[in-house]
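Asker: Curious how this folds, go ahead:
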Amino acid sequence: MMKPGTIILYTAARFLVPLQLLFSVFLLLRGHNEPGGGFIAGLVAAGAFTLYLFTFGAAVTRDLMRVDPRNLIGIGLFIGMLSVFPAVLQGQPFLTAQWWPIMLPGGTEIKLSTPLIFDIGVYLTVVGATMTMVIALTEAEER
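Answerer: Numbers count the residues shown, from 1 in each chain. A predicted model of the protein is given here:
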């Protein structure tokens, strides 16, 4: 296992990775209304995993991710494709946005939408593609 970092890097990575992942979810959820979205959020999440990779090595990062990055690409593409069906099933043009209001306990209303479903697919695809490349480059360097 590769351990090139310092104690400061180890400590910082353990605090920064969860914060970066939380920020990536924030960017994902606000993305279709304001700047952000699936692509930028996916890059921020990939940056978090890359920091962890450079600190603790490829094997530990694969364990942290729990899902092979190549599988994330397929899952993301599948979820992105799911976002087209609600409009088609309602006889509307391809990729027309659909919104579904949902009441949460306490009287708060949130609106789930097909743009959010599409952004989640993009998010997973970007994280998967980026981490596949970075892990492959790191493992090639370790050989």
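Asker: Note down every partner strand of the lowest-mean-pLDDT helix or strand in the chain and its orientation.
Answerer: Of all the helices and strands that make up the chain, strand 109-113 has the lowest average by mean pLDDT, DSSP states H and E, namely a mean of 85. If you go by DSSP bridges, strand 109-113 pairs up with strand 99-103 (antiparallel).
Asker: just how off-centre is the strand it pairs with within its chain?
Answerer: Computed by Cα atoms, centre = their mean, to the nearest Å, the chain-centroid distance of strand 99-103 equals 23 Å.
Asker: Buried residues in that strand, which are they?
Answerer: Judged by neighbour count using 16 or more other Cβ atoms under 10 Å, strand 99-103 contains no buried positions. C-betas here are computed from N, CA, C, even on glycine.
Asker: Return the alpha-carbon coordinates of that strand using CSV.
Answerer: Provided in CSV are the C-alpha atoms of strand 99-103 (Å, rounded to 0.1, in the frame of the first residue of the first chain):
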residue,chain,number,x,y,z
TRP,A,99,-42.2,17.9,-11.4
TRP,A,100,-43.7,15.9,-8.6
PRO,A,101,-44.5,17.7,-5.3
ILE,A,102,-44.0,15.6,-2.2
MET,A,103,-45.0,16.6,1.3
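Asker: roughly how far apart are the residue located most distally from the centre of the chain and Q98?
Answerer: The C-alpha centroid of the chain is most remote from G91, which lies 30.9 Å away (Cα atoms, centre = their mean). Distance of G91 to Q98, computed by Cβ to Cβ, to the nearest Å: 12 Å.
Asker: what's the answer for I40, then?
Answerer: Plainly put, I40 is 23 Å away from Q98 if you go by Cβ to Cβ.
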